[in-house]
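In: have a look at this fold, sequence not included:
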Ligand SMILES: NC(=O)c1ccc[n+]([C@@H]2O[C@H](COP(=O)([O-])OP(=O)(O)OC[C@H]3O[C@@H](n4cnc5c(N)ncnc54)[C@H](OP(=O)(O)O)[C@@H]3O)[C@@H](O)[C@H]2O)c1
């Protein structure tokens, strides 16, 4: 795979996590598109990110495109679901017919609640957000859980090294291998095969752990690295 053939679309890419991932993949040279429920928000976010990249990275990046979620889904090989978990299932259901054959959904959602000053994992009958969402996809579109533990704050700080691992889990070996290869283009991220989609149960809880570590230590970028790999 050549990085400039890589088409990445972000559903709800106007948010914090989506913006950071868009920046990092655009820096790598991938063709990234920010999706939104409104064209105006998609465009203003893409304009803002392109300006940031232009001022910080010179000409060594691929300009970020934009569109309504439906168009971004239809035009991307790798579709990232970057909306809050509470709206993830309804968003997928609304866009079932826009997924193209051969595309892969990358689910980054983590079901969390912030109550009484603490952060809690929201338990789901299926065990994880990724397993819950898999059933909402059209047949033939594989779901890969990834980017669950990368902090949005750090992703957006493009001058800062990511310097961490990116855990990837899926029941589709082929889709997982393609996502691992695609993540490999992002500087400072090492993709680690985390096994079957069942592992999303652990990965999502690791995010909650990292948020707690951030809060207790008054930092923003707690993340993970496997030692000995
Ligand atoms: N923040 C982190 O560090 C982090 C780390 C790992 C994983 N995650 C996961 O990444 C996902 C995105 O997080 P975030 O902090 O970027 O979220 P966010 O900024 O709150 O929201 C992202 C985007 O979702 C869209 N959205 C909001 N409400 C919606 C609705 N009712 N229906 C459809 N789309 C809606 C919005 O886009 P438009 O209004 O433009 O449509 C919004 O900009 C979450 O599932 C989170 O658990 C976050």
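Out: Thanks, I have it. On a predicted model such as this, the values are computed, not experimentally measured, just so you know.
In: any idea how far the residue in the chain that the ligand sits nearest to is from residue 47?
Out: Going by CB to the nearest ligand atom, the ligand is nearest to residue 15 of the chain, at 2.3 Å. For the C-beta atoms, the positions are set from N, CA and C on the backbone; glycine is no exception. According to CB to CB, to the nearest Å, residue 15 and residue 47 sit 16 Å apart.
In: hmm, back to that, identify the residues contacting the closest residue to the residue of the chain closest to the ligand other than its chain neighbours.
Out: Nearest non-adjacent residue to residue 15, counting by CB to CB, 6 or more residues apart in numbering: residue 82, 5.9 Å away. Contacts for residue 82 were tallied using CB atoms under 8 Å, 6 or more residues apart in numbering; they are 10-13, 15, 17-18, 21, 108-109.
In: so the residue of the chain closest to the ligand makes contact with residue 83?
Out: Yes. Between residue 15 and residue 83 there is a contact at 7.1 Å, judged by CB atoms under 8 Å.
In: quick check: residues of the protein near the ligand?
Out: For the chain, the residues in contact with the ligand (CB under 6 Å from any ligand atom) are 12, 14-18, 36-37, 41, 82-85, 87, 91, 108-110, 148, 150-152, 207.
In: now those: which count as buried?
Out: The neighbour-count criterion (16 or more other CB atoms under 10 Å) marks 12, 14-15, 17-18, 36-37, 41, 82-83, 85, 91, 108-110, 148, 150-152, 207 among the residues of the chain next to the ligand as buried.
In: show only the entries of those residues found in helices.
Out: Judged by DSSP state H, those include 17-18, 41, 91, 152, 207 as members of helices.
In: okay if I get those as a markdown table plus pLDDT?
Out: Below are those laid out as a markdown table (pLDDT from 0 to 100):
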| residue | pLDDT |
| --- | --- |
| 17 | 97 |
| 18 | 98 |
| 41 | 98 |
| 91 | 98 |
| 152 | 96 |
| 207 | 98 |
